[in-house]
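# Build me a model:
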Amino acid sequence: MSRSSRTRSTVKAATTVAVASVVAGSLLGATTVSSSAASPKAGASRPKPTVVLVHGAFADASSWSGVIKRLQHDGYPVVATANPLRGVTSDAAYLRSVLDSVHGPVVLVGHSYGGSVITQAAAGDPDVKALVYIAAFIPNVGESAGELAAKFPGSTLGETLNSSSYPLPTGGTGTELTIKQELFHHQFAADVPAPTAAIMAAGQRPVAALALDEKASKAAWKDIPSYAMVAGQDYNIPPKAEQWMADRAHARTVTIDNASHAVAVSHPAAVADLILRAARDTR
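Presented below is the predicted three-dimensional model:
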């Protein structure tokens, strides 16, 4: 019995029997309400953060489908945004507009080039409580995705690319890149079933070449807690590069030894678990 309950018992004993009955009934009702209210109050001290997922080059938001299913099952609101893949600055500005539409705390997740975008977009945003990098670039100020991919040997991406021209809004043309469809499975998604990889290859989003060469101007991981997943069989970003960037960012890191670059597709449960860990740490 709590101190307050013992005090109320003393008061009851000092009063008449009739009053005691009324008081006792009141206390019983109050105790019942207090007990039932205590649990949700303790568990609802902070709302669950919204998880915002940002895909990278040669992918689209559907690459997060298995992850989204698991996050939603655990009651988390999710937004899987369409990354324009045109340039770090413009893509980060677009993502920032998405973040501005989300109310409350955010766990921001980036895959591949999407890591460069979340690193810039989250800088100075007090609602972003955690950054999660999934086989992703974690650039410092002045670093580009292309530079980081070449920091360690192992990437075979360059030899699998097709390039084509596209019109720029301001006039002239730019160059965008896709992975040759016949090489996509091995290069991007070796641990994904071949029929699924074929669909991913057909629906891949091209990335502007300048996006991979544009240097970051902000590094949000310096101020926001970070988490990282290293894909041990990644042929786009060398696993050693992913580990080096994660270590530099002091990220809580998980390694999936046999995972391809498309780890969110092939290991959605592991990816969701890391995101959920970050989300729980923010509450």
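# wait, residue 261 sits on residue 234?
Yes - checked against Cβ atoms under 8 Å, the pair residue 261 and residue 234 is within contact range at 4.7 Å. Placement of C-beta: from N, CA and C, glycine included.
# And the pLDDT for residue 34?
According to the model's per-residue confidence, residue 34 sits at a pLDDT of 33.
# How about residue 47?
For residue 47, pLDDT reads 87.
# Check the burial of residue 153 by counting its neighbours.
Applying other Cβ atoms under 10 Å, we find 8 residues neighbouring residue 153.
# and the residue nearest to it when sequence neighbours are not counted, what does it touch?
Here the nearest residue to residue 153 in space, its sequence neighbours aside, is residue 238; by Cβ to Cβ, 6 or more residues apart in numbering that works out to 6.5 Å. Counting by Cβ atoms under 8 Å, 6 or more residues apart in numbering, residue 238 makes contact with 149, 151, 152, 153, 154, 155.
# which SS class is the fourth one?
Using DSSP: H, G, I helix; E, B strand; the rest coil as the criterion, the local structure at residue 153 reads coil.
# picking that back up, quick one: which of residue 261 and residue 234 has more around it?
In terms of neighbours (other Cβ under 10 Å), residue 261 is the more surrounded of residue 261 and residue 234; the figures are 31 against 25.
# The chain: helices as residue ranges?
In the chain, helices defined by DSSP state H lie at 3-13, 17-43, 65-73, 88-100, 114-121, 145-149, 181-188, 194-202, 209-213, 239-248, 263-266, 268-281, listed in chain order.
# which of the contacts of residue 238 has the most neighbours?
When neighbours are counted as other Cβ under 10 Å, the busiest of those turns out to be residue 149, with 21 neighbours.
# Could you tell me how far that one is located from residue 92?
Computed with Cβ to Cβ, to the nearest Å, the distance linking residue 149 and residue 92 is 19 Å.
# Over to residue 229?
Computed with Cβ to Cβ, the distance linking residue 229 and residue 92 is 21 Å.
# what bridges to the most centrally placed residue in the chain?
The structure's the chain has its C-alpha centroid closest to residue 109; by Cα atoms, centre = their mean the separation is 1.9 Å. In this structure, residue 109 has beta-bridge partners residue 53, residue 132, where bridges are defined by DSSP bridges.
# Quick one: residues contacting it.
With Cβ under 8 Å, 6+ apart, residue 109 has these contacts: 51, 52, 53, 54, 118, 131, 132, 133, 134, 275.
# Please apply the same query to residue 225.
Shown in contact with residue 225 (Cβ under 8 Å, 6+ apart): 129, 130, 131, 252, 278, 281, 282.
# Report the beta-bridge partners for the fourth one.
Beta-bridge pairing of residue 252 under DSSP bridges involves residue 227.
# unless I'm mixing things up, it is touching residue 226, no?
Yes - using Cβ under 8 Å, residue 252 and residue 226 qualify as a contacting pair, with a distance of 7.4 Å.
# And these two? Which one has more around it.
residue 226 (25 against 16).
# Model confidence score at the more buried one, please.
Among the per-residue scores, residue 226 holds a pLDDT of 98.
# Residue 282 now?
In the predicted model, residue 282 carries a pLDDT score of 89.
# could we number from 53 for the rest of this?
Sure, I'll start numbering at 53, so the last one becomes residue 334.
# what's near enough to touch the nearest residue to residue 335 once chain neighbours are set aside?
Taking Cβ to Cβ, 6+ apart as the measure, residue 335 lies nearest to residue 98, with 4.9 Å between them; neighbours along the chain are not counted. When contacts are counted by Cβ under 8 Å, 6+ apart, residue 98 touches 157, 334, 335.
# So the last one sits against residue 100, correct?
When you say that, I think you mean residue 335. Yes - judged on Cβ under 8 Å, residue 335 makes contact with residue 100 at a distance of 7.3 Å.
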